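Chemist: give me a model of this one.
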Amino acid sequence: MKDTILLQVNGQQHTIEADPATPLLYVLRNQLELNGPKYGCGLQQCGACLVLLDGEATPTCRIPVTAVADKEIITLAGLIKNDGSLHPVQRAFEQEQTAQCGYCLNGMIIATVALLKENPQPEESTIRESLQPVLCRCGTHARVIRAVRTAAETMNP
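Modeler: Here you go, the predicted structure:
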């Protein structure tokens, strides 16, 4: 049985038809064609599927779509400004060449945006702690930490 669900995604209202138990990740990718959040583990343990849910980095692979109907959802695409320019965190990740395979980047960027919103000038230990839930197998952690620092400096000089 499908329900009609109203979602607020990247500043736009979307009316979707879905089984109430459908994970938000599937709706974002399959119905709204937003491919920033990735399917990683399906257990909310790798961070590949993170979005900002009312400003907090939240995994989407297990959360039912009906649980977020009254929330503001921001994906990686939603960070891009109206003029097409990248968010300062996205620019910093690009500048520091953090991508290798790129699978974790969605989670790393979303987690960084949430961190810098709450703590504009985090210490390295805080950066490491906030990014710890996002698994990266390529070993670009040093570049990611530099990117977080670069973004913090850019956003809060």
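
Chemist: now Val89, nearest residue through space, not along the chain?
Modeler: Ala151 (4.4 Å; Cβ to Cβ, 6 or more residues apart in numbering). Where C-beta positions appear, they are placed from N, C-alpha and C, glycine not excepted.

Chemist: got the contact list for the helix or strand that contains that neighbour?
Modeler: In this structure, Ala151 sits in helix 141-155 according to DSSP states H and E. For helix 141-155, the surrounding residues in contact (Cβ atoms under 8 Å, 6 or more residues apart in numbering) are 88-89, 91-93, 95-98, 108, 112, 115-116, 120-122, 124, 127-128, 131, 136.

Chemist: one more pass at 10 Å, please.
Modeler: Helix 141-155 has contacts (Cβ atoms under 10 Å, 6 or more residues apart in numbering) with 87-100, 104-105, 108-109, 111-113, 115-117, 119-122, 124, 126-128, 130-131, 134, 136, 138, 140.

Chemist: tell me how far the closest residue to Ile110 other than its chain neighbours lies from Thr4.
Modeler: Nearest non-adjacent residue to Ile110, counting by Cβ to Cβ, 6+ apart: Leu50, 4.1 Å away. Leu50 sits 26 Å away from Thr4, going by Cβ to Cβ, to the nearest Å.

Chemist: of these two, which one has the most company?
Modeler: The neighbour comparison of Leu50 against Thr4 (other Cβ atoms under 10 Å) goes to Leu50, with 32 against 8.

Chemist: contact partners for the more buried one?
Modeler: 25, 36-38, 40, 44, 56-61, 75-76, 104, 106-111, 113-114, 133-134.

Chemist: from Leu131, how far out is Thr112?
Modeler: On the measure of Cβ to Cβ, Thr112 and Leu131 end up 7 Å apart.
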